[in-house]
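> Task: produce atomic coordinates for the following.
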Amino acid sequence: MIYSRVFFNGGENLISSSPHGCGQALASRLQLDYNLLLKQILVNISGELEISQRAYGLS
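Next up is the predicted model:
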């Protein structure tokens, strides 16, 4: 539940729901990991598109 709130709201809920400072570090860490994961997925998709374009002689 915390993870989905971090992912979909950029960590704002997790930060505001934490009375201590540790929530902010956790939220920013999870957000960073999520951004890296998204970037990796996009790289994989574009790589596969490139491979399929080469296979069909489109590029």
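> When you work out contacts or count neighbours from here on, use the C-alpha atoms and nothing else.
Fine.
> how about low-confidence regions in this structure?
Scanning the chain for pLDDT under 70 picks out the ranges 1-27, 58-59.
> quick one, helices of it?
Assigned by DSSP state H, the helices in the chain fall at 2-9, 12-16, 22-55.
> Output the contacting helices and strands for the longest one.
What it means is helix 22-55. Where contact means 3 or more Cα pairs under 8 Å, 6 or more residues apart in numbering; DSSP states H and E, helix 22-55 is packed against helix 2-9, helix 12-16.
> change it to 6 Å
Counting contacts by 3 or more Cα pairs under 6 Å, 6 or more residues apart in numbering; DSSP states H and E, helix 22-55 packs against no other helix or strand.
> start at 271 instead
Fine by me, first position is 271 from now on; the one you just mentioned is helix 292-325.
> gap between Gln310 and Tyr326?
According to Cα to Cα, to the nearest Å, Gln310 stands 24 Å off from Tyr326.
> The two - which one has more neighbours?
Between Gln310 and Tyr326, Gln310 has the larger neighbour count (other Cα atoms under 10 Å), namely 12 against 9.
> gap between the more buried one and Gly327?
Gln310 is 25 Å from Gly327, by Cα to Cα.
> Please apply the same query to Leu319.
Counting by Cα to Cα - Leu319 and Gly327 are separated by 12 Å.
> Next: Ile321.
10 Å.
> Between these two, which is the more surrounded one?
Comparing Ile321 with Gly327 by other Cα under 10 Å, the one with more neighbours is Ile321, at 14 against 8.
> quick one: Glu318 and Arg324, what's the gap?
10 Å.
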